[in-house]
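[1] I would like to see how this sequence folds:
(one chain, ligands or ions: 1)
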Amino acid sequence: MRYVTAGESHGPELVAIVEDVPAGLKVSAEQIDYDLSRRQSGYGRGGRMTIERDHARIVSGVRFGRTLGSPVALVVENRDWVNWTERMAADGQPPADLKREVTPRPGHADLVGALRTNTDDCRDILERASARETAARVAAAGIAREFLAELGVEIYSYVVSVGDVAMKEASPADAASYNPMAIETSEMRCPDAAATEAMKQAINRARRAGESLGGTFRVVATGLVPGLGTYAQAKGRLTGQLGAALFSIPAIKGVEFGLGFEAAQLPGSQVHDPILLAGAGFDRASNNAGGLEGGMTSGLPLVVTAAMKPIPTLMTPLSTVNLETLAPEEASKERSDVCAVPAAAVVAEAEVAFVLASAYQEAFGGTCMADIRRNLEQYKGRLRAF
Ligand code: EPS
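    Predicted coordinates:
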């Protein structure tokens, strides 16, 4: 299962096309809209989120609530478009009073994108480089999530830290033990109420200082069968596929699995997860590996942590160079978020969902749900008898 997206941040709409969708999968537009609303939420979001109320319109590949096996196309309208019809028109000439963006923001795609595409208006770049595009990813991932849910896999995320404020956890393995409702009802997607409050205060301080804040979050997937992915070819390793998927999210600068970088400081005996016999199968004494061994799922929860840098748009801007005059100047101040770590966590769920859905299809077939379910049950039966 793969997706592509199109659409500018202030264009009429965002579009996503999902390919390799099996037939017979139940799809709920309400569930997709719920995920879109989760992506919009979080303390620290900016003015744009008060304008948008993202809704996915399914325009192909689904009939009477079930997939047909053809590509699924989804459209998310930009409500803000009405304020940009002249500045973002697909045809005609630029309006006489058009203000070009000529003061690129350090940390955003503005300057490098302008160099790459030979434009004199950074808006040509920032319209697509904007994280607004991730709304289309979340809409598309609704299909992958429904597919995984039918196979018993659930994905959730939570925020661990914002700036220098972090919730306390004994180990990343705790990740699989939180009550999802505690996360969904936190304004920071953080299961720890005291940490939520401290994160909000850090965001208030950053807003007053014209600053922005990054942070870290974890994505957890439960209900996975062991053996998805492969050790046999570099590109088949799920560790690499998940890493690439998470690094495709704007502002993600680090990805760790399980103990992550901490594992590099510990002796092997404190890192690897002892194998136990449990009933008719196997279990582990710990999950430091974060649910992956040899590039494959181990059958334990997948626990992956990502680090997001602070958003580059600063209300107290850094210095830049005016591309027209070549004089030093302050970087432009687009309306923006102070902190979007909770939103990035929801986008990361979407990226993880696509990688896992593809791994299930590779192992158990991709044409129709009835075959995939039967193949999966057969595999589970073989594992029970192993
Ligand atoms: C975003 C929409 C954007 C920003 C944000 C993410 O809307 P606008 O550009 O109209 O303010 O709020 O984008 C960025 C922070 C960025 O650096 O590009 C969204 O829908 O998530």
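[2] which one in this structure is furthest away from the centre?
    Computed with Cα atoms, centre = their mean, the residue of the chain farthest from its C-alpha average is A96, at 38.8 Å.
[3] Wait, a strand at that residue?
    No - judged by DSSP: H, G, I helix; E, B strand; the rest coil, A96 forms no part of a strand; its state is coil.
[4] quick one: it from L323, how far?
    20 Å (Cβ to Cβ, to the nearest Å). Placement of C-beta: from N, CA and C, glycine included.
[5] The helix or strand that contains A194: which residues count as buried?
    Following DSSP states H and E, one finds A194 within helix 193-208. Buried residues in helix 193-208, defined by neighbour count with 16 or more other Cβ atoms under 10 Å: A195, T196, E197, A198, M199, K200, A202, I203, A206, R207.
[6] Pick out whichever of these sits closest to P310.
    A206 (8.3 Å; Cβ to Cβ).
[7] Was I right to think the closest one contacts V338?
    Yes - A206 lies in contact with V338 (Cβ atoms under 8 Å); the separation is 5.3 Å.
[8] Residues that sit against both of these two, list them.
    Residues touching both A206 and V338 by Cβ atoms under 8 Å, 6 or more residues apart in numbering: G44, S212, L213.
[9] from those residues, which is closest to the ligand?
    Of all those, the ligand sits closest to S212, with 8.4 Å by Cβ to the nearest ligand atom.
[10] Need the three-state assignment for whatever residue of the stretch 251-386 of the chain ends up closest to the ligand.
    Ranked by Cβ to the nearest ligand atom, the top residue of the stretch 251-386 of the chain for proximity to the ligand is R335, at 4.2 Å. Following three-state DSSP, we place R335 in the coil state.
[11] count of neighbours near the residue nearest to it when sequence neighbours are not counted?
    Residue nearest to R335 in three dimensions, not counting chain neighbours: G47, with 5.1 Å by Cβ to Cβ, 6 or more residues apart in numbering. The number of residues packed near G47 is 10, by other Cβ atoms under 10 Å.
[12] Report the separation between G47 and the ligand.
    According to Cβ to the nearest ligand atom, to the nearest Å, G47 and the ligand sit 7 Å apart.
[13] pretty sure that residue is touching D337, no?
    No - with contact defined as Cβ under 8 Å, G47 does not reach D337; the gap is 9.1 Å.
[14] re the thing from before, confidence score at the residue nearest to R335?
    As predicted, G47 sits at a pLDDT of 91.
[15] what's the neighbour count on the residue of the stretch 251-386 of the chain closest to the ligand?
    Count around R335 with other Cβ under 10 Å applied: 11.
[16] Give me the phi and psi for E13.
    Dihedral pair for E13: phi -160, psi 160, per degrees, to the nearest 10.
[17] So in terms of bridging, what pairs with it?
    E77 (DSSP bridges).
[18] Surely it and E77 touch.
    Yes - using Cβ under 8 Å, E13 makes contact with E77 at a distance of 4.7 Å.
[19] does stretch 238-253 come close to the ligand?
    No - judged by Cβ under 6 Å from any ligand atom, stretch 238-253 stays clear of the ligand, getting no closer than 6.7 Å.
[20] ok, residues contacting that stretch?
    129, 131, 134, 214, 219, 228-229, 234-235, 255, 257, 292, 295-297, 302, 304, 306-309, 311, 340, 344, 347-348, 351-352, 354-355, 358-359.
[21] Where does S37 fall, secondary structure wise?
    Per DSSP H and E: helix 29-40 holds S37.
[22] in the stretch 201-350 of the chain, which spans are strands?
    Assigned by DSSP state E, counting those that start in this stretch, the stretch 201-350 of the chain shows strands spanning 215-222, 252-257, 275-278, 281-284, 292-293, 296-297, 302-308, 319-321, 328-330.
[23] now the angle between strand 252-257 and the first one, please.
    Going back to what we said before, that points to strand 215-222. Angle of strand 215-222 versus strand 252-257, following axes from the mean of the first three to the mean of the last three Cα atoms, to 10 degrees, is 40 degrees.
[24] list the buried ones in strand 215-222?
    For strand 215-222, a neighbour-count test (16+ other Cβ under 10 Å) marks G215, T216, F217, R218, V219, V220, A221, T222 as buried.
[25] how much space between the third one and the ligand?
    For F217, the distance to the ligand equals 15 Å [Cβ to the nearest ligand atom].
[26] give me the beta-bridge partners of that residue?
    Counting by DSSP bridges, F217 forms beta bridges with V159, A306.
[27] Could you tell me how far it is located from Y3?
    Applying Cβ to Cβ, the value for F217 to Y3 is 21 Å.
[28] likewise Y158?
    From Y158 to Y3 the distance is 24 Å (Cβ to Cβ).
[29] same deal with A232?
    Counting by Cβ to Cβ, the gap from A232 to Y3 is 26 Å.
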